[in-house]
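A.B. asks: Next come a sequence and a model predicted from it.
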Amino acid sequence: MSMAEAQEVSASAASVTRSEVIARASKWLNPPVPYSMYAPYKDGYRRDCSGYVTMAWNIEPDMYGGLNTVTLPGVSHPITKDELKTADIMLNGGPGSENENGHVLIFDKWADASRTSYWAYEQAPPQTVYRKVPYPYFNNNSSFKPYRYNKIVDDTPSRGSQP
């Protein structure tokens with residue numbers, strides 16, 4: 001899927017609330033969904049990181065099981081670390097991030113007052129996890145940047161600013 005096609009998908013997609021995103025992401029935790037970039041899909045979505053975000057953001061999957069790390073920027077926009085809220089993402093994406101070169105996870109809330117780590121929903125080998133992640137990502141990987149889905153709706157106070 002091209003970036004233009006991703007933007008088209010986003011334009012036709014319904015909005016989703018932050019609490020809906022977290023509820024959808026949580027469904028893959030119990031039982032944890034095994035990670036896979038290939039079929040069989042789960043509920044029409046690829047069982048990889050970007051398929052997981054596509055599912056959580058309630059974007060209708062295409063024949064390839066959802067958006068990927070290259071096309072996610074087409075339905076979202078960069079934000080700052082201070083703007084992070086529940087249901088935003090940390091993305092190592094864009095051109096060149098196909099296959100194992102990119103990754104994405106769903107931000108839940110800060111794990112500490114100094115904002116050096118956060119709780120996140122992540123689809124990574126071997127399965128879906130909810131875990132504490134150092135900011136911006138493990139090994140201080142500065143390729144990860146915060147993004148916000150263009151169709152997200154605030155419905156509850158964000159836990160993003162709370163440790």
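C.D. replies: Perfect, I can see it now.

A.B. asks: My reading is that residue 51 is in a strand; is that accurate?
C.D. replies: No - assessed with DSSP: H, G, I helix; E, B strand; the rest coil, residue 51 is helix; it does not lie in a strand.

A.B. asks: what's the closest non-adjacent residue to residue 73?
C.D. replies: Leaving out its chain neighbours, the residue that sits closest to residue 73 by CB to CB, 6 or more residues apart in numbering is residue 94, at 5.3 Å. Where you see a C-beta, it was placed from the backbone N, CA and C, and this is true even at glycine.

A.B. asks: Is that neighbour in contact with residue 70, as I believe?
C.D. replies: Yes - under the contact definition of CB atoms under 8 Å, residue 94 touches residue 70, with a separation of 6.5 Å.

A.B. asks: For the nearest residue to residue 17 once chain neighbours are set aside, give me its contacts.
C.D. replies: Setting aside the residues directly before and after it, residue 17 is nearest to residue 155 in space (CB to CB, 6+ apart), at 3.9 Å. Residue 155 makes contact with 17-20, according to CB atoms under 8 Å, 6 or more residues apart in numbering.

A.B. asks: Tell me which of these fall in helices.
C.D. replies: Mapping the contacts of residue 155 onto helices (DSSP state H) picks out 18-20.

A.B. asks: Could you dump these into CSV and include pLDDT and distance to residue 123?
C.D. replies: Shown next, in CSV, are the ones in helices among the contacts of residue 155 (pLDDT from 0 to 100; distance: CB to CB, whole Å):
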residue, pLDDT, distance to residue 123
18, 98, 19
19, 97, 20
20, 97, 18
